[in-house]
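From the sequence below, what's the structure:
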Amino acid sequence: MAEFLEEYRWESGETRGVLLGGEPAPTGDERWDVFLAALAEHLSAKDGRGAPPWAEPRSLRRFWFPFNTSAARVDAVVHAPAAFRRRGVHVRRTSWRWHEHR
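This is a model prediction of the structure:
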């Protein structure tokens, strides 16, 4: 994922839309599949686009904290990006430096 994000940030807006348009293969873990949907929506929103159609129906019934420490939980509940919060995935905002592109 880190390599994808590094390459993604240098692509044109049009190319980024194409990269996010294709549905990724299932990971085998619903939580990570929802994480990828939230990431696709988050990155799309940064470019002024809506979430790709494949991402829309994905969400969790129970909150999930992928990086589950006490400090991370508190920060994630308050500062997780909207695309993640609405799907039940809570991640710390401070770990999102890579999403800033050009």
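
switch to C-alpha atoms for all contacts and neighbour counts from now on
OK.

and the residue most central in space within the chain, helix, strand or coil?
Closest to where the C-alpha atoms of the chain average out (Cα atoms, centre = their mean) is Leu39, at 1.5 Å. Three-state call for Leu39 (DSSP: H, G, I helix; E, B strand; the rest coil): helix.

how about the helices in the protein?
Taking DSSP state H, the helices of the chain run over residues 2-8, 13-21, 30-46, 70-79, 82-85.

Quick one: mean pLDDT over the fourth one.
Which is helix 70-79. Helix 70-79 shows a mean pLDDT of 76.

Equivalent analysis for stretch 47-57, please.
94.

Just the C-alpha atoms of it, please, in CSV.
In CSV, the C-alpha atoms belonging to stretch 47-57 read as follows (Å, rounded to 0.1, in the frame of the first residue of the first chain):
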residue,chain,number,x,y,z
ASP,A,47,-9.2,15.6,-5.8
GLY,A,48,-12.7,16.8,-5.6
ARG,A,49,-14.3,13.5,-6.7
GLY,A,50,-16.7,11.2,-5.0
ALA,A,51,-15.8,7.7,-3.9
PRO,A,52,-15.5,5.1,-6.7
PRO,A,53,-18.7,3.0,-7.0
TRP,A,54,-17.1,-0.1,-5.7
ALA,A,55,-16.3,1.6,-2.4
GLU,A,56,-19.8,3.0,-1.6
PRO,A,57,-21.4,-0.1,0.0
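
Could you double-check that the residue nearest to the centre of the chain lies in contact with Pro81?
No: using Cα atoms under 8 Å, Leu39 is not in contact with Pro81, being 9.4 Å away.

what residues does the lowest-mean-pLDDT helix or strand in the chain touch?
Counting by mean pLDDT, DSSP states H and E, the weakest-scoring helix or strand in the chain turns out to be helix 70-79, with a mean of 76. Contacts with helix 70-79, where a contact means Cα atoms under 8 Å, 6 or more residues apart in numbering, come from Phe65, Phe67, Arg85, His90, Val91, Arg92, Arg93.
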